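Undergrad: next come a sequence and a model predicted from it.
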Amino acid sequence: MNKLFKMILPLLIIGAGVGSFVLLKSMQKAPERIERPNLGPLVESVEAPAQKVQVIVDGQGTVRPDAQINLVPQVSGLIVWKAEAFKPGGSFAKGENLFRIDPRDYELAVRQAEAQVAQARYQRDLAQQESDVSRQEWQRMRGGDDEASDLVLRLPQLRSAEANLASAAARLEEMTLRLERTVFKAPFAGRVRNSQVDVGQYVSVGQAVAQLYSIEKAEIIVPVPDGDLAWFALPVPVDAQSDEFAGLPVDSGRDEGTRSAHLFARRGADAVVQGSFAGRRHEWQGRVVRTEGELDPQSRMARLVIEVDDPYGGIADGTPPLTVGMFVDVAIAGRQVEGVRIVPRAALRQNDKVWTVGSDGLLKIRQADVLRRMQDDVLTHIDLNSDERIITSQLSGVTDGMKVRLVNDSKEAGS
């Protein structure tokens, strides 16, 4: 009996399991099928409202002086004195004495020339008196009937004496000028780049002894693409005071509804110069004064000259000097344009098209009229509805009118 029960028990367990499975299977309900609408891919977008924008043309360059000269003596001699600041890096004011050549030889030459003038004046006066006496004698002997010849009146001798006096006076003026040139005065406010001058040194005419540069103004050469010249005012390269140019604007701070190939004004565009000095960023005000005479033959870029007045003038107020050789960034104030949109460069598609999405969630392909391409953004005219945004995401297989979802809308729905 026990043996039979042990054989039947596994079969009963299996049968019970199968029955339970069949019972549960018959009680199971089929899952409901839910239709999910195609919401389209998620995209990121930005607003691009139409606005009035002033174009800024950026560039970089190195500061250089607007004037630099080699100091060359016009007289020879021994240097007997020099200014304490007349050393490399030293500063000086306009008209300040820089160094002096021994003047004694030139003082003696002036005294000799003065004596020659006095002697020539005596000879002229003597010849004048002799001519007057000859005229009186002729009138007494001949009366007023005949005209005396120049030789009788000793006029050639008088003219010779007057010429000798003029020559002696010119010689005195020359010697005086040479004496003045023994003292070297600064032609402008500036600094010494290098100098080979020292007390006791003999210098000769035509021998360069120092190099000076002006600090009254500074210049920065800024290469810019030729196309950027259309965005700011260039100074007229001729006489702007003539009547022909009287109607030109003073600067470029005016609205420009249409693009033109160039814009000339009586005064060039303003510019902001920024550079580092003593570990801090500082800025100076300048303006465009001219372009160099030709395009760079290798890069085909125009070379602008930015001028900064009085680059050392702000030291008293805590502004550091705009030092020669400093590498600076330059921002040129360009013209103002209305109704433009600032679009990220990543949002500009092939053939200058953009993708937009409105409140209906449909992607639209719009044509953009690109005005200016910058490093990160693009200035463009695009016809957009008030609810449309610019799509910045990268998608494949894009078609006009396809459904998309905005990332911001998805976040709000999820919250």
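TA: That came in fine, so what should we check first?
Undergrad: residues in contact with V72?
TA: The contact partners of V72, by Cβ atoms under 8 Å, 6 or more residues apart in numbering, come to 206-209. Backbone N, C-alpha and C define where each C-beta goes, glycine included.
Undergrad: can you tell me which of those are buried?
TA: Among these, those classed as buried by 16 or more other Cβ atoms under 10 Å are V209.
Undergrad: farthest pair in the contacts of V72?
TA: G206 and V209 (10.5 Å; Cβ to Cβ).
Undergrad: so what sits against both of the two?
TA: Common contact partners of G206 and V209 (Cβ under 8 Å, 6+ apart): 72-73.
Undergrad: so after the host helix or strand of T356, what's the next helix or strand?
TA: Element membership for T356 (DSSP states H and E) is strand 353-357. Following strand 353-357 in sequence order, the next helix or strand is strand 363-367 (DSSP H and E).
Undergrad: relative to strand 353-357, how tilted is that next one?
TA: 150 degrees (axes from the mean of the first three to the mean of the last three Cα atoms, to 10 degrees).
Undergrad: so which of the contacts of V72 is the closest to N351?
TA: N351 has its nearest neighbour among the contacts of V72 in A208, at 60.6 Å by Cβ to Cβ.
Undergrad: could you list the low-pLDDT ranges of the chain?
TA: Residues of the chain meeting the criterion pLDDT under 70: 1-7, 9, 11-12, 18-19, 21-38, 143-146, 152, 238-262, 408-415.
Undergrad: looking at it, which strand is longest?
TA: Ranked by number of residues, the top strand in the chain under DSSP state E is strand 327-344.
Undergrad: got the angle between that strand and strand 353-357?
TA: Per the same axes, to 10 degrees, the angle that strand 327-344 makes with strand 353-357 is 50 degrees.
Undergrad: restricting to C-alpha, output strand 327-344 in PDB.
TA: Below are the C-alpha coordinates for strand 327-344, written out as PDB (Å, rounded to 0.1, in the frame of the first residue of the first chain):
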ATOM      1  CA  PHE A 327      49.600  93.400 -28.100                       C
ATOM      2  CA  VAL A 328      46.100  94.600 -27.800                       C
ATOM      3  CA  ASP A 329      42.500  93.800 -28.900                       C
ATOM      4  CA  VAL A 330      40.600  96.400 -30.800                       C
ATOM      5  CA  ALA A 331      36.800  96.700 -31.100                       C
ATOM      6  CA  ILE A 332      35.700  99.100 -33.900                       C
ATOM      7  CA  ALA A 333      32.200 100.600 -33.600                       C
ATOM      8  CA  GLY A 334      30.400  99.900 -36.800                       C
ATOM      9  CA  ARG A 335      27.100 100.900 -38.300                       C
ATOM     10  CA  GLN A 336      23.700 100.200 -36.800                       C
ATOM     11  CA  VAL A 337      21.200  97.900 -38.500                       C
ATOM     12  CA  GLU A 338      17.600  97.300 -37.600                       C
ATOM     13  CA  GLY A 339      15.400  94.200 -37.800                       C
ATOM     14  CA  VAL A 340      18.200  91.700 -37.700                       C
ATOM     15  CA  ARG A 341      18.300  88.500 -35.700                       C
ATOM     16  CA  ILE A 342      21.300  87.100 -33.900                       C
ATOM     17  CA  VAL A 343      21.500  83.300 -34.600                       C
ATOM     18  CA  PRO A 344      24.100  80.900 -33.400                       C
END
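Undergrad: if we go by neighbour counts, what in the longest helix along the chain is buried?
TA: Ranked by residue count, the top helix of the chain under DSSP state H comes out as helix 104-142. Within helix 104-142, the residues that qualify as buried are 106, 109-110, 113-114, 116-117, 120-121, 123-124, 127, 131, 134, 138, counting by 16+ other Cβ under 10 Å.
Undergrad: and stretch 340-359, by the same measure?
TA: Those buried within stretch 340-359 under the rule 16+ other Cβ under 10 Å are 340-343, 347-349, 354-357.
Undergrad: same check, this time on stretch 178-192
TA: The neighbour-count check on stretch 178-192 (16+ other Cβ under 10 Å) flags 178-179, 181-182, 184, 186, 188-192 as buried.
Undergrad: in helices, which of these appear?
TA: Among the buried residues of stretch 178-192, the members falling in helices are 178-179 (criterion: DSSP H).
Undergrad: same list (the buried residues of stretch 178-192) but as TSV, adding distance to F264.
TA: Conversion of those to TSV gives the following (distance: Cβ to Cβ, whole Å):
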residue	distance to F264
R178	48
L179	49
R181	44
T182	48
F184	42
A186	36
F188	30
A189	32
G190	32
R191	35
V192	39
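Undergrad: can you count the residues close to P237?
TA: 10 (other Cβ atoms under 10 Å).
Undergrad: which SS state does it fall under?
TA: Recorded secondary structure, P237: coil (DSSP: H, G, I helix; E, B strand; the rest coil).
Undergrad: what bridges to the closest residue to it other than its chain neighbours?
TA: Using Cβ to Cβ, 6 or more residues apart in numbering and skipping the chain neighbours, the partner closest in space to P237 is R290 (7.1 Å). Here R290 shows beta-bridge partners V305, assigned using DSSP bridges.
Undergrad: right, I'll call it a day here.
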